[in-house]
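>>> Generate a structure from the sequence data that follows.
(one chain, ligands or ions: 3)
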Amino acid sequence: MAAAGGLTVLGGRHSRAGGENPWGLPTGNAANYGTVRPPSFARPLPIPPIKQPTRTGPGGDEIDLVLRPGTGQPLPGAATPILGFDGIWPGPTILATRGRPTLVTVRNELGEAANVHNHGHHAPAASDGHPLQTIKPGGSRLYTYPNNQTGGTYWYHDHTFGLTGAHLFRGLGALYIIRDPAEDALGLPTGEYDVPIMIQDRLFDAGNALEYTVDAGTTFTGVLGNTLCANGVHTPFFDVAARRYRFRFVNGANSRNLRLALGNGDPIVQIASDGSLLSAPVIQTSVELAPSERADCIIDFGHLQPGTSVVLRNLDPTWPELPDVLRFNVVRKESDGSRVPEHLAEVPRIPIGEAKKKHRRLRFQLADGKWTINGLRYDPARIDFRVKLGTTEIWEIENGEQTQMHPFHQHMVPFQVLDINGAPPPPAHLGWKDSVAIPPAGRARLIMRFYDYTGTYVFHCHKLEHEDHAMMLQQEIVA
Ligand code: C2O
Ligand code: CU
Ligand code: CU
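Ligands and ions are numbered 1, 2, ... in the order given. Okay, the predicted model is just below:
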C-alpha cells in the first residue's frame, strides 16, 4: 500500500516521494497488516543452492555473483517479483573455509545502486559494504573476504544507505558459512543434516507482490509482516529422519524478534551464537533471536516415530503475532552417527583489564521524533569517533526507549557481552557475537578488540527501518 509522502516499494520500483532524503523521517501511516496468514505446511522448505566458485586458485576461491531481479514462490499462485543475489531469495549460500580467502565479484544488474555487506565478517574496509560504497547499475565490485575468523553461520545482505530495509525485504539476503576443520572433527550433524533456515516476515498484496511501506508507524516499530517465511516460503514443511539435525537459524527479518520453540515441548540445543561455537551446548526450551542474530541448534528427532510431526513455533509476542514457522515431518528411521560433544570450542573471555581507558557510552533513543545514537543521526560525511587499532574497548549501549528493544550491531570486529542490565549474559550469549538485543530501557556492556584493519566502519541498530532513518554512526579505526 502506498504511503502518502512516504517511501513505497511496489512491483520492483523504489520511489522516494517528494525527493525525500533518507535523513528525513517519513510521515503518514499507511501500512496495513491485514490478518495473519494461517500456516499451510503444504510446500517443502527450499534449501538455497551452494554457490560454486568460478575458479579456485592459490589466492582463494573466486565467486561471481549477480544482483538481479527475479521471482520467488513464497505463496501458492502468482510468482512474487524479488531482487536477488543471482536472482533468487534467499540467495545462494556461500561456503568458505577458515583461513582460505573468498573473492566475490558482484555485478549489479538491478537497475539501481546496491551493494553487499557480509554480516559478521572481519573484512578490510573496502570490502565491508559501507552504505555509501554502492555498485552503480551495470557496474561491478570485488569483495575480498579473508575468512580469518571463527567458523560459523554468517549472512550477507545489501547495505545501501537509506534502502537497506527495502532491499533486504525484497530478497537481497543469503547465508555465508565458514567451515572450520576443527569444527568438522566434532562429529556434529553435517551434509544434508546441516540445514540453513532464514526466517523473515513479509507482507504481500492480493497479487502476491511484496508490499514494503515506510511511514511514521513502520519507521517507529520497524516494518513487520503478517506472513512468516522460511527460506523464502510461507510455513513450509521439512521431512526429517528420526535422528539429530543441525539447523542454522538466521533471523533475516527487517525488524521482527523471534523466539523459536518446538510444538511438542522438546528442547532445542544451541551450539553456536552468531558466528561462533559456544564453549558448551546450551539446552533451551526456546531460542530468542533479534534481527540479524543467528543460532545454530541441534534438534534430535531420534525418539519420534515416523508419521509424527513437530511444528517449529515462534513464541515472540510482537504484533501481529506469527506463531508458526514450519513443520518437521518425521518420515523415516535412520541410524545416527552424529554426536554433540560436551565441549565444543575454546571461547576465551577477553579480560576486562585489557580495555585500558576507553569506555564509550552510546545511547540509542528517539530525540525530537527521530532515531538517534547519542542524539546524532547518521551522516556519512562525519566520523563520529576514532578508535586506535590494536586497542580493546568496553562499550556501554543504552536503550533510551521504553517500548522496544534495539538490536545493536557492530561491523568488522566481534564482541563479547559482559553484562545485560547489570546481570551476566545468558549462557547462549557467551560466544563471540556481532549483534545483541538491548532490552527496552535497558543497557548492555560489550567488550571488543580492534584488530587487523583500519578504515571507516558503521555500527547501528539492526531494525533496518531504524538504521535507514538513521540510527547508525561510524567509527574510524586508525593506526
Ligand atoms: Cu547486517 Cu550493518 O549489517
Ligand atoms: Cu554487519
Ligand atoms: Cu532500533
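>>> switch to C-alpha atoms for all contacts and neighbour counts from now on
Fine.
>>> quick one, domains of this protein?
Domain segmentation of the chain under automatic domain parsing yields 187-333, 352-478.
>>> Single out the residue in the chain that lies closest to ligand 2.
H119 (3.6 Å; CA to the ion).
>>> name the helices or strands packed onto the lengthiest strand in the chain?
What stands out as the longest strand in the chain, according to DSSP state E, is strand 60-72. Secondary-structure packing of strand 60-72 (3 or more CA pairs under 8 Å, 6 or more residues apart in numbering; DSSP states H and E): strand 55-57, strand 80-85, strand 102-108.
>>> Of the ones you listed, which shows the lowest average pLDDT?
Among the helices and strands packed on strand 60-72, strand 55-57 has the lowest mean pLDDT, at a mean of 93.
>>> what residues does that strand touch?
With contacts defined as CA atoms under 8 Å, 6 or more residues apart in numbering, strand 55-57 is touched by 61-63.
>>> Could you do stretch 471-479 as well?
With CA under 8 Å, 6+ apart, stretch 471-479 has contacts from 364, 371-373, 376-380, 382-389, 450, 453-461.
>>> near ligand 2, which residues of the chain?
Residues of the chain found near ligand 2 (CA under 5 Å from the ion) are 119, 411.
>>> lowest-pLDDT helix or strand in the chain?
When the helices and strands of the chain are scored by mean pLDDT, DSSP states H and E, strand 7-10 comes last with a mean of 31.
>>> Tell me who's in contact with R98.
Contacts of R98 (CA under 8 Å, 6+ apart): 147-151, 178-181.
>>> how many other residues sit next to the residue of the chain closest to ligand 2?
H119 has 28 neighbouring residues, counting by other CA atoms under 10 Å.
>>> check contacts around it.
Here H119 is in contact with 154-157, 411 (CA under 8 Å, 6+ apart).
>>> now the contacts of strand 55-57 as a markdown table including pLDDT?
Formatted as a markdown table, the contacts of strand 55-57 follow (pLDDT from 0 to 100):
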| residue | pLDDT |
| --- | --- |
| D61 | 98 |
| E62 | 98 |
| I63 | 98 |
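>>> Now I94: closest residue in space, sequence neighbours ignored.
Spatial nearest neighbour of I94, chain neighbours left out: Y176 (4.7 Å); criterion: CA to CA, 6 or more residues apart in numbering.
>>> related to what we said a few turns ago, keep only those of the contacts of R98 that are in helices.
Among the contacts of R98, the members falling in helices (DSSP state H) are P181.
>>> Please list only the buried members of the contacts of R98.
Taking 16 or more other CA atoms under 10 Å as the criterion, what is buried in those is 147, 149-151, 178-180.
>>> And Y33, what's its pLDDT?
What the model reports for Y33 is a pLDDT of 82.
>>> quick one on the thing from earlier: just the closest of the contacts of strand 55-57 to ligand 3, please.
I63 (33.4 Å).
>>> Low-confidence bits of this protein, can you list those?
Applying pLDDT under 70 to the chain picks out residues 1-31.
>>> Find the nearest non-adjacent residue to the most centrally placed residue in it, please.
Against the mean C-alpha coordinate of the chain, by CA atoms, centre = their mean, the closest residue is S292 at 2.6 Å. Ranked by CA to CA, 6+ apart and with sequence neighbours excluded, the top spatial neighbour of S292 is N251, at 5.1 Å.
>>> what does this structure have sitting close to ligand 3?
406, 461, 466.
>>> at 8 Å what do you get?
222, 364, 371, 404-408, 461-467, 471 (CA under 8 Å from the ion).
>>> Just the ones of those residues in helices?
Per DSSP H, these map to helices at 464-467.
>>> From those, pick the one nearest K358.
Using CA to CA, E467 comes nearest to K358 of those, at 24.9 Å.
>>> So L168, which state does it fall into?
The three-state assignment at L168 reads helix, by DSSP: H, G, I helix; E, B strand; the rest coil.
>>> Could you give the number of residues near it?
L168: 26 neighbours (other CA under 10 Å).
>>> now the one 4 residues further on
Residue crowding around L172 was assessed by other CA under 10 Å; the count is 30.
>>> Name the nearest residue to it, ignoring sequence neighbours.
Once flanking residues are discounted, L172 sits nearest to G84: 5.0 Å by CA to CA, 6+ apart.
>>> roughly how far apart are that neighbour and E62?
19 Å (CA to CA, to the nearest Å).
>>> Counting neighbours, go ahead and name the busier of these two.
Neighbours were counted for G84 and for E62 using other CA under 10 Å; G84 has more, 28 against 19.
>>> thinking again about what came up before, contact partners for the residue nearest to S292?
Per CA under 8 Å, 6+ apart, neighbours of N251: 198-200, 257-258, 289-294.
>>> In the stretch 101-250 of the chain, which residue sits nearest ligand 3?
Closest point on the stretch 101-250 of the chain to ligand 3, by CA to the ion, is G222, at 7.9 Å.
>>> Am I right that T218 sits in a helix?
Yes: applying three-state DSSP, one finds T218 inside a helix.
>>> hang on, it packs against E465?
Yes: between T218 and E465 there is a contact under CA atoms under 8 Å: 7.3 Å.
>>> which of those two has more neighbours?
Between T218 and E465, counting by other CA under 10 Å, E465 is the more crowded of the two (26 against 21).
>>> distance of the more buried one from L110?
Distance, E465 to L110, by CA to CA: 21 Å.
>>> which helices and strands does the strand or helix carrying Q416 pack with?
Assigned by DSSP states H and E, Q416 belongs to strand 415-420. Strand 415-420 sits against strand 443-449, with contacts defined as 3+ CA pairs under 8 Å, 6+ apart.
>>> count of residues packed around P320?
16.
>>> give me every residue that touches the closest residue to D324 other than its chain neighbours.
With CA to CA, 6+ apart as the criterion, D324 has its nearest non-adjacent residue at 4.7 Å, and that residue is R313. Contacts for R313 (CA under 8 Å, 6+ apart) come out as 259-263, 323-326.
>>> May I have the secondary structure class of the nearest residue to L315 once chain neighbours are set aside?
Nearest residue to L315, sequence neighbours excluded (CA to CA, 6+ apart): R259, at 5.1 Å. Classification of R259 using three-state DSSP returns strand.
>>> May I have the beta-bridge partners of R259?
Beta-bridge partners recorded for R259 (DSSP bridges): E288.
>>> I figured it hits T285, correct?
No: R259 is not in contact with T285 according to CA under 8 Å; the separation is 9.8 Å.
>>> do you know how far the closest residue to ligand 3 within the stretch 351-479 of the chain is from N329?
Closest contact between the stretch 351-479 of the chain and ligand 3, by CA to the ion, is at H406 (3.9 Å). Applying CA to CA, the value for H406 to N329 is 35 Å.
>>> Who has more neighbours out of the two?
Taking other CA under 10 Å, H406 and N329 do not tie; H406 has more neighbours (28 against 21).
>>> tell me the contacts of the more buried one?
364, 399, 437-440, 461-463.
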